[in-house]
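> my questions concern the predicted model and sequence given below.
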Amino acid sequence: MIWVAGRMRGATSLGSIRTKRRGIFVSGRGRVQIIWWDSWLISQRPFRIRTLGDRPSTTLCLGTTTSRALYEIERAALRLRQNHEPLRRLIMPKSSTPDLSLSKQFKGLKTLYTTDPRAHTLVLWTMGTTSLLGLAGFFTLSRFIQASRRIPNADWVHPGLLVKRPLIRGVVTRVGDGDNFRFYHTPGPLWFWPFKFRKVPVNPKELSNETIHVRINAVDAPEGAHFGREAQPKSHEALQWLKNQIGGKTIWCRPLRRDHHGRIVASCYLPPRILPSSIFKGKHLSLEMLRDGWATVYEQGGAEYDPYTKEAFLKVEREAKAAKRGIWEKGSKLKETPAEYKKRHIAAEAAAAASA
């Protein structure tokens, strides 16, 4: 059932008409009460009609569920305004499906509303604003979905990403050597307070194939004992320094290229001291390693020096040598650099394979 009530200006005493099943009921003393019922009407809210200029106009329409009901109410209001006569019986079609043809149902509305030029301006402004808001919402949603896609491991780092070189945020889950670590990518706002709906796994089984193996750019740290090779001096101290700086913390990385081991060479940034690391990045990790004396400048093939130059890294290395920090504790000349160490072992392994 839908209840419609309104009051017409200048209306005198009116007669009344009541239909048996569907229709309009009109009472006297200028008050129009319309009761409209049918099986497909489910609302029960007020509907007001008042005069505006020389024609009635709808000012509030909350209960109309079909265009047919609105059309019949406008016809009733127009007859009251022009003739002050009792309304004739208005009956809905007997068919259970209402006729929604524009040419039949909106003929009266077209006469009432299309003559005002302000209506055209309002329609254009409404359509334009709705279109702009829809496009803005679609663009924002698509960008959010794109920015929230997680990179599971190094195999998912495609060439396009290495060309764009975006900054990506993640948590360091494991530090395996003095110049590389495992990185769990955490894109979007759902990983950190106050929108922390996702958590970084801590179980090694859950982290399997879900982390990116990152090689820190521009530096070469002392090699630890692995693959049957002996450890270099200060390799353990360099590893502990890196663990203290980034282990289990949120950092930012810029992927640069893929090395011959399948690792992603990246320019990395330490967590800031005061500001939240989920939003801000701190100092450059490679520069801090060189400054504290726990690495040498990487000068072999495929070296990446983003975001600085090779000379900037060499300058910081010279300062660490002069201050005798880290691996330079006994002087500015190392017995064997990390690059020389790797060349020696590669040559020895190649000779052993050839002799076999």
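On my side now, so go ahead. Residues are numbered from 1 along each chain as shown.
> and the gap between residue 328 and residue 335?
To residue 335, residue 328 is 12 Å away according to CB to CB, to the nearest Å. In short, each C-beta sits where N, CA and C put it, glycine included.
> what do you get for residue 189?
In terms of CB to CB, residue 189 sits 49 Å off from residue 335.
> in terms of neighbours, single out the busier of residue 328 and residue 335.
residue 328 (20 against 10; other CB atoms under 10 Å).
> what's near enough to touch the more buried one?
293, 320-321, 334 (CB atoms under 8 Å, 6 or more residues apart in numbering).
> quick one: average pLDDT of the strand or helix carrying residue 137?
Assigned by DSSP states H and E, residue 137 falls within helix 117-147. For helix 117-147, the mean pLDDT works out to 82.
> quick check: next helix or strand after it?
helix 159-164.
> so what's the residue nearest to residue 316 when sequence neighbours are not counted up against?
Of all residues not flanking residue 316 in the chain, residue 290 sits nearest, at 4.4 Å (CB to CB, 6 or more residues apart in numbering). Taking CB under 8 Å, 6+ apart, we find residue 290 in contact with 219, 296-297, 313, 316-317, 320.
> from these, which land in strands?
Using DSSP state E, the subset of these located in strands is 219, 296-297.
> just the buried residues from these, in PyMOL please.
Of the ones in strands among the contacts of residue 290, the buried ones go into a single PyMOL selection, burial set by 16 or more other CB atoms under 10 Å:
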select buried, resi 219+296+297
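> tell me which of the ones in strands among the contacts of residue 290 is nearest to residue 355?
Nearest to residue 355 out of the ones in strands among the contacts of residue 290 is residue 296 (CB to CB; 31.7 Å).
> ok, that closest one to residue 243 distance?
For residue 296 relative to residue 243 (CB to CB), the value is 19 Å.
> likewise residue 150?
On the measure of CB to CB, residue 150 and residue 243 end up 24 Å apart.
> hmm, residue 162 is touching residue 257, no?
Yes - Residue 162 lies in contact with residue 257 (CB atoms under 8 Å); the separation is 5.9 Å.
> can you give me the neighbour number for residue 211?
23.
> before we move on, what about residue 274?
6.
> can you offset everything so residue one is 30?
Got it, the first residue is 30 from now on, which makes the last one we talked about residue 303.
> now it: phi and psi?
Backbone torsions of residue 303, given as degrees, to the nearest 10, read phi -110, psi -50.
> before we move on, what SS does residue 210 have?
strand (DSSP: H, G, I helix; E, B strand; the rest coil).
> now the closest residue to residue 224 other than its chain neighbours: how far from residue 177?
Nearest non-adjacent residue to residue 224, counting by CB to CB, 6+ apart: residue 218, 4.7 Å away. Using CB to CB, residue 218 is found at 8 Å from residue 177.
> who has more neighbours out of those two?
Set residue 218 next to residue 177 and count neighbours by other CB under 10 Å: residue 218 wins out with 16 against 12.
> okay, now residue 381: neighbour count?
Neighbours of residue 381 (other CB under 10 Å): 9.
> tell me what the helix holding residue 166 is packed against?
Packing partners of helix 146-176 (3 or more CB pairs under 8 Å, 6 or more residues apart in numbering; DSSP states H and E): none among the helices and strands.
> tell me how many other residues crowd residue 209.
Neighbours of residue 209 (other CB under 10 Å): 21.
> show me the contacts for it.
Counting by CB under 8 Å, 6+ apart, residue 209 has contacts 242-245, 292.
> kindly report the same for residue 276.
Contacts of residue 276 (CB under 8 Å, 6+ apart): 201, 204.
> go on, residue 322?
Here residue 322 is in contact with 349-350, 352-358 (CB under 8 Å, 6+ apart).
> the same query, at a cut-off of 10 Å, please.
263, 266-267, 270, 345-346, 348-350, 352-358 (CB atoms under 10 Å, 6 or more residues apart in numbering).
> out of the residues you listed, which are inside helices?
266-267, 270, 345-346, 348-350, 352 (DSSP state H).
> counting by contacts, list what the helix or strand where residue 204 lies packs against.
Assigned by DSSP H and E, residue 204 belongs to strand 197-206. Under the contact criterion of 3 or more CB pairs under 10 Å, 6 or more residues apart in numbering; DSSP states H and E, strand 197-206 touches strand 209-214, helix 233-236, strand 241-245, helix 264-275, strand 279-287, strand 293-298.
> and the second one, average pLDDT?
In this case it means helix 233-236. Here helix 233-236 scores 86 as its mean pLDDT.
> same check, this time on stretch 326-342
95.
> picking up where we left off before, ChimeraX command to pick out the buried ones of the ones in helices among the contacts of residue 322?
Here is the ChimeraX command that picks out the buried ones among these, judged by 16+ other CB under 10 Å:
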select :266,267,270,345,346,349,350
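> ok, of the ones in helices among the contacts of residue 322, which one's closest to residue 202?
residue 270 (18.1 Å).
> roughly how far does that closest one sit from residue 322?
9 Å.
> next, show the common contact partners of these two.
263, 355.
> and the gap between residue 277 and residue 203?
On the measure of CB to CB, residue 277 and residue 203 end up 9 Å apart.
> who's more crowded, those two?
residue 203 (16 against 12).
> OK, contacts around that one?
209-213, 233, 236, 240, 242, 272, 276-277.
> confidence-wise, which of the residues you listed comes last?
residue 233 (85).
> mind listing what the residue nearest to residue 282 when sequence neighbours are not counted touches?
Nearest in space to residue 282, with sequence neighbours left out and distances taken as CB to CB, 6+ apart, is residue 295 at 4.2 Å. Contacts here follow CB under 10 Å, 6+ apart; on that basis residue 295 touches 186, 194, 196-197, 209-210, 212, 241, 243-246, 280-286, 314-315, 333, 335.
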